[in-house]
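[1] build me a model:
(3 chains)
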Amino acid sequence: MILPLRLEEVSFLHVLQPLSLRIEAGPSTIILGANGAGKSVLMRLMHGLLAPSSGKVSWSGPEARRRQAMVFQRPVMLRRSAFQNVLYALDVAGVAGAERLAAEALAEVGLAHVAHQPARVLSFGEQQRLALARAWALHPEVLFLDEPTASLDPTATREIEAVIRAFDASGTKIVMATHNLGQARRLGDEVIYLHQGRVVERAPAEKFFAAPATPEATAFIKGELPWV
Amino acid sequence: MGDALTAALALVASGDATLLGIVGLSLLVSLSAVALATALGLPLGAVLAVTHFPARRAIVVLLNALMGLPPVVVGLVVYLLLSRAGPLGSLGLLFTPGAMVIAQTVLILPIIAALCRQAVEDAWVEYQEQLRSLGVEGARAALTVLWDIRFSLLTAVLAGLGRASAEVGAVMIVGGNIDGVTRVMTTAIALETSKGDLPLALGLGLVLIAVVLALNAAAFLVKEAAQRRYG
Amino acid sequence: MGLIRAVFLLLTLFSCIANAQQRYITVASTTSTEQSGLFKHLLPIFEGKTGIQVRVVALGTGQALDMGRRGDADVVFVHARALEEKFVAEGHGVRRHEVMYNDFVLVGPKSDPARVGGGKDIVQALQRIHQAKAPFVSRGDRSGTHFAELELWKAAAIDIAHDKGGWYREIGQGMGPALNTAAGMNAYVLSDRGTWLSFKNRADLVIAVQGDRRLFNQYGIILVNPAKHANVKQEMGQAFIDWVISREGQQAIAAYKIGGEQLFFPNAGN
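    Here you go, the predicted model:
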C-alpha cells in the first residue's frame, strides 16, 4: 500500500503556497478550482512529475512510481495500434502476461473492436478511453486524472466518466482535477477546493456543494451555477 | 547547355558499362555511409535530446558546428589516419571504397545526429510527461520517441544522403579517383571538367541529380504511405 | 560501444574481401599522364597479360613522390628527373628507370599579346611575356610540369618567385584546370603535349612555342623501397616496371596516338 500520500509544506514557485495535505485510501478525491488556481501543478507534484520548490512529498509504501498512473487532458499515444500502446506500458512495467492484460483492458473500456487500429486515427474521445485502458492494465493503486474531459464532447465525456466510475468501483483511488462542478458532483466523494494556490476548503462532496464553508468556495459555486 | 543535355541522354541511352559502374559505386558508397551514420547518429541525437548532463550544451553546439565540416578537411584527416604512414595504415583501406564510406560517414554523422536531436527535442515536449508518468526515462525514452517520429526523421537522413552524394573533396582524397575502382560520379565530373570535356561533365552532373531526385521521390512516397498507415 | 566495434570489424572485413578478390598494385603517377589517356590504353594490355590490376592514383609529381615516401604506393611513375633521383638517393626508391619522353609546349591566346607565336625559343618567349606582363597561368602545384616551368624561368634569368605580378597566376591545380583557366583568361600556360592534344575546351588557345630542346620532358619509373615499407608489393610492382621498359611495353607506348599524332616517345635503356 502506497497510500496515504503526505504533502508537507509543499510549495511551487509562485503558483502554490506552502500547503500540507494527506490523501487517504478510499473515497475519490476531486481537486476543484478555477483555471489558474494551481490544480495541474498540484497534480504533477503529487504524481512526481514536478519537484516542489520547498517541502516534501512522501508515499507510505515501496514502488510508488509503479503503483500510480496518470491520465492527462490530452492523451499522448505512440504511433502504434491501440493494443500495442497498452502493451508498451505493460512491457515498461515488466508485467507478465502482458498480452492478456492488454486485451482485457481494451475490453473493459469498450475498445476491443479497434484494438488493432493505429491509435492516432481514433477519435479524441476514443484516445482518452485508450489512455484509461492503458492505466487500467497496470492496475494502479492511485489514478490521477488532470481535466480528462475538458476537451471532449458530452457523449465522450459520459463514456469517460463511466470508466472512471468503474475504476473507483474496482478499488483504485481516484484523484481528479476539474473545474466542472457537475462532473465533480457526479464522481467525487470528497472535494479539495483550491483558490489562487491555497487549499481553502476540504470537505465531503455533499457537504461542500450543499453548504460551502468559505466565501471563495461559495463564490466559485455561484459563478459556475448562478441559479444556486 | 543543350550539349550537356544531349550528352546526358546519350550516356544513359547507351547503357555504358563504365557509367553504370560509376553510378553503382556512387550509390553503394553514399548509401552505406548514410546507413552507418543513421545507425550511429539517430541514437546519439535522441539521447542528447532527452538527457541532461553538465557538458550537454557544449556538445550540442559542437555537433551543430560539425554539420559544416568541410569535406576536403575530413578527407585529409581520414587520409592521414589510413595512410601506411598513419596509425590505421595496416588495415590497407586507403584508396578503396571502404575508405570513402568511412570519410563520408564522418562527414554526415553530425548532420544526421544534430537534425535528429532537434526533432526529438521538439517531440519530447509532447511525449515527456506521459512517458515519465509511465516510468520511462533516459535512453529508453529517447529511443521510444525516436521510433515514434521515425518518418519525420527521414528528412534528416535525406539531408545526409544529399551531402554525401554531392561531395567530392573527401572521396577524391581518400579514394584517389582510381578508374574502375574508386571513381564515383562526383570525382568523374571533376576529372572530365579538368580535362575540358564540359558537356560530358555536365551530362554526368545531370545523371547524378536525376539519381538523387529519384531517391528523394521514393523516400517521400514511403513516408506518405507510412503516415497514412500509422497516423 | 559494441555497435561501433561491430561496424569497424565490418569495414575491415569489407576491405579484406575487396582486396583479396583482385591482385593489384598501386601506382602513384601524374595527372598529365592520366589525362592524356595513356593509361587507359596501356594498362589493359598489362592486365590482360599478367592478371595484375594496376590502380593509378593521379596526383602532381611532388605529391606522387610523397605518396611513395609514405608507403601508400608500390610504384611511382613521374616526370621530374632531379626529384626522382633525390627520391632514390634518400632510400625511398629502389632504382630509377627511364621510360619515355614527350615535350612541353607553350600555349597562348590567338591574340598573342607578348608576340611569341611561332617561335622556337622558350627562354626568349618567357622573357617577352615577363616584359609585356602578359597573363600567364602557372600550375603552382609541385608537379613535374610546374617544376619544369620554374627551371625555364631560371634559365631566362628571371627570379619568378620575387618578380611576379598580377599577370602571373598560380592556381595550385592540375594541367586540365590550368588549361581551363588559361582558356578563360586568355593567358599563356606551359602544358605537356599529351594533355594539350586531348584537351577539349581550347577556346582561343593555340600552341605558341614548341620544339625547343629545353622543352624536353623525361618520364621515370621507380619501385618504392620494400625495405622501408614492408607492405610494398615487390614482385608485382617489379613485374609492371619490367613490362613497361620491355620491348612490348615500349611498343605499346609508341602505339598510343591521338588524332594520328604520337604522344609519348619510348626511350627506356637509352
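
[2] residue 98 - how many residues pack around it?
    Defaulting to chain A. A:Ala98 has 17 neighbours, counted by other Cβ atoms under 10 Å in any protein chain shown. Where you see a C-beta, it was placed from the backbone N, CA and C, and this is true even at glycine.

[3] sorry, I should have been clearer: chain C.
    17.

[4] just checking, it touches C:Ile253?
    No - assessed by Cβ atoms under 8 Å, C:Glu98 is found out of contact with C:Ile253, at 12.0 Å.

[5] ends of stretch A:42-58, what's the gap?
    14 Å (Cα to Cα, to the nearest Å).

[6] okay, buried residues for that stretch please.
    Residues A:Leu42, A:Met43, A:Arg44, A:Leu45, A:Met46, A:His47, A:Gly48, A:Leu49, A:Leu50, A:Pro52, A:Gly55, A:Val57 are the ones in stretch A:42-58 that count as buried (16 or more other Cβ atoms under 10 Å in any protein chain shown).

[7] so B:Val181 is in contact with B:Phe95, correct?
    Yes - counting by Cβ under 8 Å, B:Val181 touches B:Phe95, with 7.5 Å between them.

[8] show me how far stretch A:19-28 is from its chain's centre.
    Taking Cα atoms, centre = their mean, to the nearest Å, one finds the center of stretch A:19-28 at 13 Å from the center of the full chain.

[9] before we move on, what about stretch B:69-84?
    Counting by Cα atoms, centre = their mean, stretch B:69-84 comes out at 16 Å from the chain centroid.

[10] and it, what's buried?
    For stretch B:69-84, by 16+ other Cβ under 10 Å, it's B:69, B:71, B:74-84.

[11] that stretch close to chain C?
    Yes - applying Cβ under 8 Å from any Cβ of the partner chain, one finds stretch B:69-84 in contact with chain C at B:Ser83, B:Arg84.

[12] ok, residues contacting that stretch?
    When contacts are defined by Cβ atoms under 8 Å, 6 or more residues apart in numbering or on different chains, stretch B:69-84 is touched by residues B:86-91, B:93-94, B:99, B:102-103, B:106-107, B:110, B:167-174, C:70-72, C:229, C:231.

[13] can you do 6 Å?
    Stretch B:69-84 has contacts (Cβ atoms under 6 Å, 6 or more residues apart in numbering or on different chains) with B:86, B:88-89, B:93-94, B:99, B:102-103, B:106-107, B:167, B:169-170, B:173-174, C:70-72, C:231.

[14] hang on, the earlier thing: hey, what's in contact with both of C:Glu98 and C:Ile253?
    By Cβ under 6 Å, 6+ apart, no residue touches both C:Glu98 and C:Ile253.

[15] on that earlier part again, of B:Val181 and B:Phe95, give the one with the bigger neighbour count.
    Legend: neighbour count by other Cβ under 10 Å for B:Val181 and B:Phe95, higher for B:Phe95 (26 against 21).

[16] next, give phi and psi for C:Ala73.
    The phi and psi torsions at C:Ala73 (degrees, to the nearest 10) take the values phi -130, psi 160.

[17] tell me the SS of the nearest residue to it once chain neighbours are set aside?
    Nearest in space to C:Ala73, with sequence neighbours left out and distances taken as Cβ to Cβ, 6 or more residues apart in numbering or on different chains, is C:Ala28 at 3.8 Å. Look at C:Ala28: counting by DSSP: H, G, I helix; E, B strand; the rest coil, its state is strand.

[18] C:Ala28 reaches C:Val56, doesn't it?
    No - between C:Ala28 and C:Val56 there is no contact under Cβ atoms under 6 Å: 8.0 Å.

[19] low pLDDT regions in chain B?
    B:1, B:231 (pLDDT under 70).

[20] for the chain, what spans make up the helices?
    I went with chain A, as the question did not name one. A:39-47, A:82-93, A:98-108, A:124-137, A:154-169, A:181-187, A:205-210, A:215-224 (DSSP state H).

[21] looking at chain C here, not the other one
    C:2-21, C:31-35, C:38-50, C:61-70, C:81-89, C:122-132, C:144-155, C:160-163, C:175-185, C:193-198, C:234-244, C:247-255.

[22] which of those is buried the deepest?
    Across those, averaging neighbours per residue (mean count of other Cβ atoms under 10 Å in any protein chain shown) puts helix C:31-35 on top, at a mean of 27.

[23] the residue nearest the centre of chain A and chain B, how far apart?
    Residue closest to the mean C-alpha point of chain A, counted by Cα atoms, centre = their mean, is A:Leu145 at 1.6 Å. According to Cβ to the nearest Cβ, to the nearest Å, A:Leu145 and chain B sit 12 Å apart.

[24] you'd agree that residue is up against A:Val71?
    Yes - taking contacts as Cβ under 6 Å, A:Leu145 lies within contact range of A:Val71: 4.8 Å.

[25] for the residue nearest to C:Ala73, give me the pLDDT.
    pLDDT, the model's per-residue confidence, is 97 for C:Ala28.

[26] so who does it touch?
    C:Ala28 neighbours (Cβ under 6 Å, 6+ apart): C:Val57, C:Ala64, C:Met67, C:Gly68, C:Ala73, C:Val76.

[27] one more time with 8 Å
    Contacts of C:Ala28 by Cβ under 8 Å, 6+ apart are C:56-57, C:59, C:63-65, C:67-68, C:72-73, C:75-78.

[28] distance to B:Gly45 added to these, as a markdown table?
    Below are those laid out as a markdown table (distance: Cβ to Cβ, whole Å):
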| residue | distance to B:Gly45 |
| --- | --- |
| C:Val56 | 40 |
| C:Val57 | 36 |
| C:Leu59 | 37 |
| C:Gln63 | 38 |
| C:Ala64 | 41 |
| C:Leu65 | 44 |
| C:Met67 | 38 |
| C:Gly68 | 42 |
| C:Asp72 | 35 |
| C:Ala73 | 40 |
| C:Val75 | 45 |
| C:Val76 | 45 |
| C:Phe77 | 47 |
| C:Val78 | 46 |
